[in-house]
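**Q** this is a predicted model, with the sequence first.
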Amino acid sequence: MKKVFLLFIGIISMLASCDSNDDATQSEEFTVVGLSVDQGSSGTEITISGTGFPDSSEDVTVTFNGVEAEVSSISSTSILVIVPDTVDSGEVSVTFNAETLSAGTFTIIEALVEGTIENLYAPLTSNFGEPDAGEFTKFDFETGAETDSNTDWDIAFRGTTIAVNGGAATGTDDEPERNGDASVAIVTGTFDSVASVDGLTFLQDSIEDGFAIPTGSNNGWYNYDFTTNIISAIPGVVLVFKTKNGNYAKVEILSYYEDQDNSGNGRYYTFNYVYNPNDGGTSF
């Protein structure tokens, strides 16, 4: 009898323990604590933390500014989601059991635009010894291409001269009209080492001081070798531009010759650039 009694007590205790565990599981409240990061680009994986999440991703819905996101994995305390494509910045929401909670605001950051421009032609129509003349070749960082627009351009090339769409004309012939707020800082360092515009001093073209990027050998971006008549980009010179619209780009000039052949035709620019398309973005 005593053994039967002890067995009965054990069963009761086990059942009580199970009830207690069930109660603990059932009492786990559905909450959302926040996001692992609050900004990034489309396609980024982020984690939403909280409690009381379901076992299956099919039972929960996550939206970014109203656009449903793909749930990669889920546990009771975290949801791993992928930021949807073509979505704007806005609130991140989690819906479970007909209840919707906010995880905070996520800011979409566009990816940096990296490119190489080859053989951009920047001719002069004047002869040797005469003042520089001829139309500038204009370039727009937003489109990453040459442009004929009189307004939508950031920098312009003619011979070894580079103008910015900011400030005022310097007084040389055939300059494009400045109608933006572009400017430039000349930085010494490797292209990759220039990671931010913070602390840089930007200059614009002006009638008083000339072009913001000085012309002449060893004054701005290039050296001229009188023995070989070759113009070469100065190693370690990086041009950082503030565009007409207030965004930023950095440029590394690689060559002044067609197909980067110093024995060939000159006035053909090849350069690398990185453009930050985000308003207020200052990093590269």
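**A** It's in.

**Q** make it CA atoms for all contacts and neighbour counts henceforth
**A** Noted.

**Q** centroid residue for this protein?
**A** Nearest to the geometric centre of the chain sits Leu112, at 3.0 Å (CA atoms, centre = their mean).

**Q** so what's that one closest to, chain neighbours aside?
**A** Asn276 (5.0 Å; CA to CA, 6 or more residues apart in numbering).

**Q** likewise for Ser41?
**A** Per CA to CA, 6+ apart, closest to Ser41 is Ile109, 4.8 Å.

**Q** the one you found: how many residues sit nearby?
**A** Neighbour count of Ile109, defined by other CA atoms under 10 Å: 17.

**Q** ok, Phe139 next?
**A** Neighbour count of Phe139, defined by other CA under 10 Å: 21.

**Q** quick check: Gly52 vs Val62, distance?
**A** Computed as CA to CA, to the nearest Å, the Gly52 to Val62 distance reads 15 Å.

**Q** the more surrounded of the two?
**A** Val62 (27 against 18).

**Q** give me the contact list for the helix or strand hosting the more buried one.
**A** Assigned by DSSP states H and E, Val62 belongs to strand 60-64. Contacts to strand 60-64, defined as CA atoms under 8 Å, 6 or more residues apart in numbering, come from residues 53-54, 68-71, 81, 83-84, 87-97, 106.

**Q** of these, which belong to helices?
**A** Assignment to helices by DSSP state H places none of the contacts of strand 60-64 there.

**Q** and the buried ones among those residues, selectable in PyMOL?
**A** A single PyMOL command is used to select the members of the contacts of strand 60-64 judged buried by 16 or more other CA atoms under 10 Å:
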select buried, resi 53+54+68+69+70+71+81+83+84+87+88+89+90+92+93+94+95+96+106
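
**Q** residues in contact with Gly236?
**A** Gly236 sits next to 187-191 when contact means CA under 8 Å, 6+ apart.

**Q** repeat that with 7 Å
**A** 188-190 (CA atoms under 7 Å, 6 or more residues apart in numbering).

**Q** apart from its chain neighbours, what residue comes closest to it?
**A** Nearest non-adjacent residue to Gly236 (CA to CA, 6+ apart): Gly189, at 4.8 Å.

**Q** correct me, but the one you found touches Val240?
**A** No: distance between Gly189 and Val240: 11.6 Å, which falls outside the contact criterion (CA atoms under 7 Å).

**Q** more neighbours, those two?
**A** Neighbour comparison, Gly189 and Val240: the larger count goes to Val240, with 25 against 12 (by other CA under 10 Å).

**Q** identify the bridge partners of the more buried one.
**A** Listed by DSSP bridges, the beta-bridge partners for Val240 are Ala185, Lys250.

**Q** that one against Thr188, yeah?
**A** No: Val240 lies out of contact with Thr188 (CA under 7 Å); the separation is 10.5 Å.

**Q** mind listing what's buried along stretch 259-271?
**A** 260, 262, 266-271.

**Q** kindly report the same for stretch 73-80.
**A** 74-75, 77-80.

**Q** could you report the neighbour count for Thr116?
**A** Count around Thr116 with other CA under 10 Å applied: 15.

**Q** ok, Ser183 to Glu99 distance?
**A** 51 Å.

**Q** shaky segments in the stretch 51-200 of the chain?
**A** The model of the stretch 51-200 of the chain has no residue with pLDDT under 70.

**Q** so which residues of it form strands?
**A** Using DSSP state E, counting those that start in this stretch, the strands found in the stretch 51-200 of the chain span residues 60-64, 67-68, 70-74, 78-82, 90-96, 99-108, 113-121, 137-140, 145-147, 155-158, 161-164, 183-188.

**Q** in TSV: those, plus distance to Thr228.
**A** As requested, these are exported to TSV (distance: least, CA to CA, whole Å):
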stretch	distance to Thr228
strand 60-64	60
strand 67-68	61
strand 70-74	61
strand 78-82	56
strand 90-96	59
strand 99-108	51
strand 113-121	21
strand 137-140	26
strand 145-147	30
strand 155-158	22
strand 161-164	20
strand 183-188	25
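
**Q** good, we can wrap up now.
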